[in-house]
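Enquirer: Sharing a model prediction with you, sequence too.
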Amino acid sequence: MLRDVSHGTVATIATVAVLTVALAATGRAADDANGNPLQAQIDHGKSTYAEKCSHCHGPNLMNSGTITPDLRVFPDDKTRFVTTVKNGKNNKMPPWGDILSDDEIGNLWAFVSSRRKP
């Protein structure tokens, strides 16, 4: 009986170890090749931007001839950015708060702020 318990305990420990390694690998996969979580956010934000924002704001954060602002010169104000994305702006930009998660909006901020003109 003691042997069965020991075998079961060893199997449980082995399973926990495998799951721990898998979880750690998943977390690392979210980072870029150098283990930079900010770069991973920027990359995710770039993808979200391309899918959800570029049709109005342009592929390079600006869209000449439209009412959309040049996002390359957006102020260094994350709170303002998040509020604008979530709630929309002046009945011209639709609210995205029910469509994008807080993480997606944070990733968008990481992307936009990484492309800001000095």
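Expert: Happy to help now that I have it. Residues are numbered from 1 along each chain as shown.
Enquirer: my guess is His44 contacts Glu104, does it?
Expert: Yes - with contacts defined as C-beta atoms under 8 Å, His44 counts as touching Glu104 at a distance of 7.5 Å. Where you see a C-beta, it was placed from the backbone N, CA and C, and this is true even at glycine.
Enquirer: give me the low-pLDDT residue ranges for the chain?
Expert: 1-34 (pLDDT under 70).
Enquirer: Mind checking what secondary structure the residue most central in space within it has?
Expert: By C-alpha atoms, centre = their mean, the chain has its centre lying nearest to Asn107, at 3.3 Å. Under the three-state scheme (DSSP: H, G, I helix; E, B strand; the rest coil), Asn107 adopts helix.
Enquirer: I figured it was touching Lys52, is that so?
Expert: No - using C-beta under 8 Å, Asn107 makes no contact with Lys52, being 11.1 Å away.
Enquirer: so what sits against both of these two?
Expert: Among the neighbours of Asn107, none is also in contact with Lys52 (C-beta atoms under 8 Å, 6 or more residues apart in numbering).
Enquirer: Now do the buried residues in the helix or strand hosting Asp43.
Expert: Secondary structure from DSSP states H and E places Asp43 in helix 37-48. In terms of neighbour count (16 or more other C-beta atoms under 10 Å), helix 37-48 has its buried residues at Ala40, Gln41, Ile42, Asp43, His44, Gly45, Lys46, Thr48.
Enquirer: Which residue comes closest to the residue nearest to the centre of the chain once chain neighbours are left out?
Expert: Of all residues not flanking Asn107 in the chain, Gly45 sits nearest, at 3.6 Å (C-beta to C-beta, 6 or more residues apart in numbering).
Enquirer: sorry, back to before: what's the closest of the buried residues of helix 37-48 to Asn87?
Expert: Minimum distance to Asn87 across the buried residues of helix 37-48 is 17.6 Å, recorded for Thr48 (C-beta to C-beta).
Enquirer: For the residue nearest to the centre of the chain, give its distance to Ile67.
Expert: Distance of Asn107 to Ile67, computed by C-beta to C-beta, to the nearest Å: 25 Å.
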